[in-house]
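show me how the following folds:
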Amino acid sequence: MSNETMDHTQPKGSPRVPSGTMGDGGTTYSGVNPNAVWLNSRGIWLSYVIAVTILHLILLSIPFLNVAQVWTLTNVVHNIGNYIFLHMLKGTPWETNWDQGKSRLLTHWEQIDFGEQFTTTRKFLFLAPVILFILASFYTKYDPLHFVFNLSTMLLVLIPKLPQLHGVRIFGINKY
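So this is what the prediction gives:
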């Protein structure tokens, strides 16, 4: 088989799978874990920022909420969604020949960029909650009650992202 038909987006050491190979069910796949690479796609970061902005505008349209409450809610909803999506969900929604169950016990965060630390995608996903926390703190005028909610949810999302906790399950939570 010639090198032109091979998929060159696979991690080092992974088996080469021809692009366009038919998988189970007749679907085409690239042989790479989609959870590891989709956040590197073009426009994903802009889509992420637009989604958070739309969430904020929807919350702003609720008449009985003031600006401080909306910023805190935007931050809390974002961080809880981020935690569930990146740090609780495990495995992959697609079966690939490359994966063969290797990602079954890994969270989505641990699969991003094949587990490589300090990539631009990981830095973006680490900085997004921090920037949102700073904005929420500023617009709530550093109110102590709002600050506690904003800080606690930011820590809930940032602590699992630390490289020292890659693959670690504290108290066995989310072990299986």
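
against T140, how distant is the closest residue to L60 other than its chain neighbours?
Of all residues not flanking L60 in the chain, V70 sits nearest, at 5.2 Å (C-beta to C-beta, 6 or more residues apart in numbering). Yep, even glycine has a C-beta here, placed from its N, CA and C like the rest. Noted for V70: a distance of 10 Å to T140, by C-beta to C-beta, to the nearest Å.

L162 too?
Applying C-beta to C-beta, the value for L162 to T140 is 26 Å.

and the lengthiest helix in the chain, what does it pack onto?
Ranked by residue count under DSSP state H, the longest helix found in the chain is helix 120-139. Using 3 or more C-beta pairs under 8 Å, 6 or more residues apart in numbering; DSSP states H and E as the contact test, the elements touching helix 120-139 are helix 44-60, helix 67-83, helix 144-158.

which ones are touching the residue nearest to L60?
56, 59-60, 62 (C-beta atoms under 8 Å, 6 or more residues apart in numbering).

and the residues you listed, which two are furthest apart?
H56 and I62 (11.3 Å; C-beta to C-beta).

okay, these two: which has more neighbours?
Neighbours per residue (other C-beta atoms under 10 Å) separate H56 from I62, with H56 holding more: 20 against 10.
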